[in-house]
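In: Mind folding the following:
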Amino acid sequence: MCTKRRPNQRLRAALAEAGWTGQQLAAAVNKVGAEIGLDLHYDRTAVAHWMEGMRPRPPVPDVLAEALSRRLARTVTTGDLGLAPPNRTGKNPGPPGDGTRAGGPWGTGIVAELARLAGSQDGRPSPAGAPYALAALAVPSWPQAAAAPQGVDAPDRDAAQRPLGRADVETVEAMTRVFSTSDAAFGGGSARRALAAYLAHDVAPRLRAPAGAGVRRRLYSAAAQLTYLCAFMCFDDELHGVAQRYYRAALQLAVEGGDPVFYAVTLRAMSVQARALGHARHAIQLAETAADAGKRTGPLREAFLRGQLAVAHAADGDRNDAFTSLTAAERGLDQSTSSNQTTVGAYHPASLAHQQAAVRALLGDRTGAIATLASSIPHRPVTERRSHALTLARLAELQFDQGHLEEATGTWHLFLDDYPQLRSGRATTALKTLRSRIRPRAANPMAKALMVRATRLTNA
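Out: Got it, this is the predicted structure:
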């Protein structure tokens with residue numbers, strides 16, 4: 001598991017620069033690891049071993065580098081810490097580059113990146129161990145991205161392929177609908193691996209096939225939506241490092257497809273992820289960039305973007321900006337004269353209610369959040385089982401925190417009705433939260449019955 005080495009003076013120096021104790025570094029590593037599903041329990045003893053020359057098993061060196069990068073507000077690499085493997089230079093584990101393409105703000109060949117992301121040894125995309133990198137949240141505005149040289153993947157002239165036509169694009173669009181329906185009904189874990197493989201082995205080769213300019217742009221836009229969906233599935237399954245890389249790939253595809261609207265939609269999703277992981281200021285920056293890119297796209301789309309900006313401001317404790325953005329979202333939804341028929345990024349009254357409740361809860365109004373969530377549930381489309389379940393779980397948590405045990409247990413039972421049909425990391429986390437909250441009240445008959453049912457589902 002570890003290999004003996006000489007005392008690691010580089011790691012010792014980085015720890016001193018950070019002003020951390022060994023215990024504080026261990027806690028930071030555990031936190032960054034948790035963002036990508038690693039259940040780490042390091043303490044100061046482990047840090048002492050590392051400084052004595054013991055090398056932690058991958059991906060912990062990359063997690064260490066990310067933890068210290070955040071603390072020092074600059075890029076720290078595994079090489080800087082004396083932890084780069086012999087065959088690596090210790091480059092930053094953030095936005096990857098494969099050298100197959102020049103130009104553009106992303107530094108990676110999209111075809112190679114989609115193939116890399118789909119690679120699997122343990123049933124998960126191979127980069128799942130890469131940390132969620134705050135440096136990777138620094139993305140350009142739409143005008144900057146659109147103006148940068150992109151270096152679109154050159155056609156594969158070694159492969160005898162017919163030129164792509166409209167039917168090829170329609171196939172990708174149809175598959176997006178199929179995977180989106182599966183995700184909404186059964187959770188990201190239900191088809192995440194299949195979608196990753198489809199992107200790598202079917203969509204990515206099409207991106208290098210010969211095609212007319214119009215077909216190519218439409219194909220890149222369709223591929224952006226499918227890549228975004230794969231990112232969201234990874235987010236839902238709490239694989240945050242790989243989700244971030246798929247989101248960045250979706251941004252790149254949107255630029256190459258000339259699609260500012262979907263660029264904005266993807267930035268919004270990255271803001272949602274950043275907020276969920278506790279990075280409020282980054283969430284605000286991403287949501288603001290998204291709202292700017294989505295200007296003049298119609299009241300419904302602008303409401304979709306403004307609602308997330310409201311949540312991001314609320315997470316940062318900014319009441320005035322939160323309610324200003326929320327009012328703009330409410331106005332946009334009221335003014336919209338068409339329903340949202342998009343395959344990904346759907347927005348409707350239940351979506352707005354979820355944002356309203358999040359803003360109120362984050363700003364301390366649990367009573368208002370409870371009322372809003374409860375009223376939204378009947379309006380949630382029946383096709384959105386995962387969202388329905390997560391809304392119920394959140395409502396139950398708020399009810400429980402307010403001391404409403406009877407209401408909370410009833411709501412949690414409704415959540416458990418949906419749970420067996422879901423394969424979702426977020427739903428699993430919600431079930432764990434249920435058990436941890438209700439366990440101290442297990443002497444109560446209602447709480448005991450709920451605990452028994454939740455335990456049975458946990459062990460199923």
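
In: any idea what sits nearest Leu333, other than its immediate chain neighbours?
Out: Residue nearest to Leu333 in three dimensions, not counting chain neighbours: Ala303, with 4.6 Å by CB to CB, 6 or more residues apart in numbering. From N, CA and C alone the C-beta is placed, and that goes for glycine too.

In: wait, what's in contact with that neighbour?
Out: Taking CB atoms under 8 Å, 6 or more residues apart in numbering as the criterion, Ala303 is in contact with Ala328, Ala329, Glu330, Arg331, Gly332, Leu333, Ser336, Tyr347, Leu352.

In: centre of the chain versus the helix or strand of the chain with the lowest mean pLDDT, how much separation?
Out: For the chain, using mean pLDDT, DSSP states H and E, the weakest element among its helices and strands is helix 110-118, scoring a mean of 88. The chain centroid and the centroid of helix 110-118 are separated by 18 Å under CA atoms, centre = their mean, to the nearest Å.

In: Who are the packing partners of that helix?
Out: Here helix 110-118 is seen to pack against helix 192-198, helix 204-207, helix 240-256 when contacts are counted using 3 or more CB pairs under 8 Å, 6 or more residues apart in numbering; DSSP states H and E.

In: buried ones in the second one?
Out: Pointing back at helix 204-207 there. Buried residues in helix 204-207, counted by 16 or more other CB atoms under 10 Å: Ala204, Arg206, Leu207.

In: Closest one of those to Ala145?
Out: Closest approach between these and Ala145, by CB to CB: Leu207, at 17.9 Å.

In: these two touch, right, that closest one and Glu113?
Out: No: in this structure, Leu207 is not within contact of Glu113 by CB atoms under 8 Å, at 10.9 Å.

In: Apart from its chain neighbours, what residue comes closest to Leu416?
Out: Nearest non-adjacent residue to Leu416, counting by CB to CB, 6+ apart: Arg453, 5.8 Å away.

In: for the host helix or strand of that neighbour, which positions count as buried?
Out: When elements are defined using DSSP states H and E, Arg453 is found to belong to helix 445-458. Neighbour counts over helix 445-458 (16+ other CB under 10 Å) mark Met446, Ala447, Leu450, Met451, Ala454 as buried.

In: dump the residue contacts of the third one.
Out: Going back to what we said before, that points to Leu450. If you count contacts by CB under 8 Å, 6+ apart, Leu450 has them with Thr409, Trp412, His413, Leu416, Leu434, Ile438.

In: Next one: Gln24 from Lys31, what distance?
Out: Distance, Gln24 to Lys31, using CB to CB, to the nearest Å: 11 Å.

In: can you list the domain ranges for the chain.
Out: 1-93, 105-258, 277-383, 407-460 (automatic domain parsing).

In: Out of the ones you listed, which is closest to Leu392?
Out: So among the domains of the chain, domain 407-460 is nearest, using CB to CB, at 4.1 Å.

In: low pLDDT regions in the chain?
Out: Residues of the chain that meet the criterion pLDDT under 70 lie in 1-5, 87-108, 120-129, 149-161, 338-343.

In: can you rerun that using 80?
Out: Residues of the chain meeting the criterion pLDDT under 80: 1-5, 86-108, 119-129, 149-162, 337-345, 460.

In: Tell me where the longest helix sits in it.
Out: Ranked by number of residues, the top helix in the chain under DSSP state H is helix 213-236.

In: what packs against it?
Out: Using 3+ CB pairs under 8 Å, 6+ apart as the contact test, the elements touching helix 213-236 are helix 166-186, helix 192-198, helix 204-207, helix 240-256, helix 260-276.

In: Nearest to Ala264 among the domains of the chain would be which one?
Out: When these are ranked by proximity to Ala264 (CB to CB), domain 277-383 comes first, at 3.6 Å.

In: now the end-to-end length of that closest one.
Out: 27 Å (CA to CA, to the nearest Å).

In: repeat for stretch 178-193
Out: Criterion CA to CA; first-to-last residue distance in stretch 178-193 is 14 Å.

In: what's the answer for stretch 376-385, then?
Out: With CA to CA as the measure, the first residue of stretch 376-385 is 14 Å from its last.

In: what sits up against that stretch?
Out: Contacts to stretch 376-385, defined as CB under 8 Å, 6+ apart, come from residues 181, 184-186, 348-350, 353-354, 357, 387-388, 391-392, 395, 418, 421-422.

In: can you do 6 Å?
Out: By CB atoms under 6 Å, 6 or more residues apart in numbering, the list of residues contacting stretch 376-385 from outside reads Ala184, Ala185, Pro349, Ala350, Ala353, His388, Asp418.

In: try stretch 400-419
Out: If you take CB under 6 Å, 6+ apart as the criterion, stretch 400-419 is touched by 366, 385, 389, 392-393, 395-396, 399, 434, 437, 446, 450, 453, 457.

In: got those as a markdown table, with secondary structure columns?
Out: Converted to a markdown table, the contacts of stretch 400-419 look like this (DSSP: H, G, I helix; E, B strand; the rest coil):
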| residue | secondary structure |
| --- | --- |
| Arg366 | helix |
| Arg385 | helix |
| Ala389 | helix |
| Leu392 | helix |
| Ala393 | helix |
| Leu395 | helix |
| Ala396 | helix |
| Gln399 | helix |
| Leu434 | helix |
| Arg437 | helix |
| Met446 | helix |
| Leu450 | helix |
| Arg453 | helix |
| Leu457 | helix |
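
In: quick one, phi/psi of Ala346?
Out: Recorded main-chain torsions at Ala346 are phi -70, psi 150, according to degrees, to the nearest 10.

In: And for it, the neighbour number?
Out: For Ala346, the count of nearby residues is 18 (other CB atoms under 10 Å).

In: Same question for the one 5 residues further on.
Out: The local packing count at Ser351 equals 23, with neighbours defined by other CB under 10 Å.

In: Next secondary structure after the strand or helix carrying it?
Out: In the assignment (DSSP H and E), Ser351 maps to helix 349-362. Past helix 349-362, heading to the C-terminal end, the next element that is a helix or strand (DSSP H and E) is helix 366-376.

In: Can you point out the buried residues in that following helix?
Out: For helix 366-376, by 16+ other CB under 10 Å, it's Arg366, Ala369, Ile370, Ala371, Thr372, Leu373, Ala374, Ser376.
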